[in-house]
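Chemist: Output the structure for:
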Amino acid sequence: MNQNENPGKDRKNGKRAGDSSAKRHRADRDDRDDRDDAPITRGGMSERDFEALDRAWEDYEAGEIERAAEAVGRLLRRTDGHPEVRFLRGVLLLESDEPEEALAELNECVSDVEDQALHAYYRSLALYDLARFEEAEGELQILASTDLDTGSVQYLLAQVRENLGRREEADRAYAVAHATAPEDFPLPMRLSRSAFEEAIHDAREQLPENLQEKLDQVPVMVDDLPPREILTHPEGEGLTPDLLGLFVGRNLRDESVFEIPGIPAAIYIYQRNLERACRTREELVSEIATTLYHELGHYLGLDEDDLRELGVD
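Modeler: Okay, here's the model as predicted:
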C-alpha cells in the first residue's frame, strides 16, 4: 500500500487550523508568575507544566513528533492525565497514523479542554481517517461558523465531501480554502481519465525494464478514490482515505497480501488522491511511478531491500 506522505502530513501539521491551543494558553497566562514553584493552577496543572505543554505543542508544529511525545509522556505522569495533555496526546496519535486510538483519546477529554473548536477539528480529522465521513462532515459544518482557520476547515470539508461522492460541493470547498491561502491550499489537479492513464504510461517508463515486464503480469486499475469497503475492511487496518495505491490479491509467493471477495486482484491507483498530492504533471508522473513501485513490490512478495537490489531507489 502507498499512503499519501505529503498532503496528509501537511494537513495534520503545516496546514492545520490556525492558532494552537498552546498559543492560546500562552496568551491567557502572559501576566502570571512563571516561577518553577508557581502554585497549582487550573485543573491541577502548575505554571511549569503549562509551559512544558506549550513547548510540546511547538515541537509538534515543528515536526519534532518524538520529542513532543516524550514531553507528553512525562506530563501525563506528572499531571495525572490532565485533559489538555491528553488532547495533545490524541493529536500525536493521529500524526502517528493511529486514528482509532487518537479518537478514543480525544473523546476522553472532549468536554474539558479550553479550545473546543480546535479539539473538534482534530476529532474531525480522526473521523475522516476512519472513513466516518458523515460524522466528520457534521462536525466540520459546525466549525465553519466559528473563528477557526477557514482554509483548514474548508479543505478538510472538501476531502470529506469528495469521499461522499459530492464532487461539485467538494470543489467549491477547495476553492474557498484556496482563496484564503493559495500556497497552503493549492487547488487539486484535474485530469481526464485518458490524460491520467497517459501519465501512468509515462510513469511505467521510469521503472527498470525488468520491473516493467513484471508489471505486465498484473492489471493496473484506476479508481477515483479508495472505496469505503476497503478502508473499513478488517484486513485494511491502517488504510486511510488519502491512500494513493493498493495491491489487492495474492503475491507471486502465493501469500495473501490483501484479499476482499468481489474485488479483482490488481494494483489500484487512486486518481483524485494523486491529483491532490501533486502540483504539476511532472510531480504526478513521479508520484505514480513511486506508487507503482511500492504496489509492484507487494505483488512480487518483496520488501524494500529486495527492490533496491533490483535497482529501484
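Chemist: buried residues in the helix ranked longest in the chain?
Modeler: The single longest helix within the chain, with elements called by DSSP state H, is helix 281-300. Neighbour-count burial for helix 281-300, counted by 16 or more other C-beta atoms under 10 Å, picks out 284-300. All C-beta atoms are positioned from the backbone trio N, CA, C, and that covers glycine.
Chemist: For that helix, list the C-alpha coordinates in PDB.
Modeler: What follows is helix 281-300, C-alpha atoms only, in PDB (Å, rounded to 0.1, in the frame of the first residue of the first chain):
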ATOM      1  CA  ARG A 281       2.300  16.800 -14.300                       C
ATOM      2  CA  GLU A 282       5.900  16.100 -13.700                       C
ATOM      3  CA  GLU A 283       5.300  15.600 -10.000                       C
ATOM      4  CA  LEU A 284       2.200  13.500 -10.800                       C
ATOM      5  CA  VAL A 285       4.200  11.100 -13.100                       C
ATOM      6  CA  SER A 286       6.900  10.800 -10.400                       C
ATOM      7  CA  GLU A 287       4.400  10.000  -7.700                       C
ATOM      8  CA  ILE A 288       2.600   7.500  -9.800                       C
ATOM      9  CA  ALA A 289       5.900   5.700 -10.500                       C
ATOM     10  CA  THR A 290       6.600   5.600  -6.800                       C
ATOM     11  CA  THR A 291       3.200   4.200  -6.100                       C
ATOM     12  CA  LEU A 292       3.600   1.500  -8.900                       C
ATOM     13  CA  TYR A 293       7.000   0.600  -7.400                       C
ATOM     14  CA  HIS A 294       5.500   0.000  -4.000                       C
ATOM     15  CA  GLU A 295       2.500  -1.900  -5.100                       C
ATOM     16  CA  LEU A 296       4.500  -4.000  -7.500                       C
ATOM     17  CA  GLY A 297       6.700  -4.900  -4.600                       C
ATOM     18  CA  HIS A 298       3.700  -6.300  -2.700                       C
ATOM     19  CA  TYR A 299       2.700  -8.300  -5.800                       C
ATOM     20  CA  LEU A 300       6.200  -9.700  -6.100                       C
END
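Chemist: Return the distance of it from the chain's centre.
Modeler: 19 Å (C-alpha atoms, centre = their mean, to the nearest Å).
Chemist: what about residue 278, how many neighbours?
Modeler: 21 (other C-beta atoms under 10 Å).
Chemist: From residue 203, how far out is it?
Modeler: With distances taken as C-beta to C-beta, to the nearest Å, residue 278 is found 12 Å from residue 203.
Chemist: now residue 178
Modeler: The value you get for residue 178 to residue 203, if C-beta to C-beta is used, is 26 Å.
Chemist: Which one's more surrounded, the two?
Modeler: residue 203 (22 against 19).
Chemist: so what's that one up against?
Modeler: 285, 286, 288, 289, 292 (C-beta atoms under 8 Å, 6 or more residues apart in numbering).
Chemist: Need the residues you listed in a markdown table (columns: pLDDT and distance to residue 219).
Modeler: Output for those, formatted as a markdown table (pLDDT from 0 to 100; distance: C-beta to C-beta, whole Å):
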| residue | pLDDT | distance to residue 219 |
| --- | --- | --- |
| 285 | 97 | 20 |
| 286 | 96 | 22 |
| 288 | 97 | 16 |
| 289 | 95 | 18 |
| 292 | 94 | 12 |
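Chemist: closest to residue 224 among these?
Modeler: residue 288 (14.7 Å; C-beta to C-beta).
Chemist: check which helix or strand covers the nearest residue in space to the closest one that is not next to it in sequence.
Modeler: If the residues on either side of it in the chain are set aside, residue 288 comes closest to residue 203, at 3.8 Å by C-beta to C-beta, 6 or more residues apart in numbering. Under the criterion of DSSP states H and E, residue 203 resides in helix 193-204.
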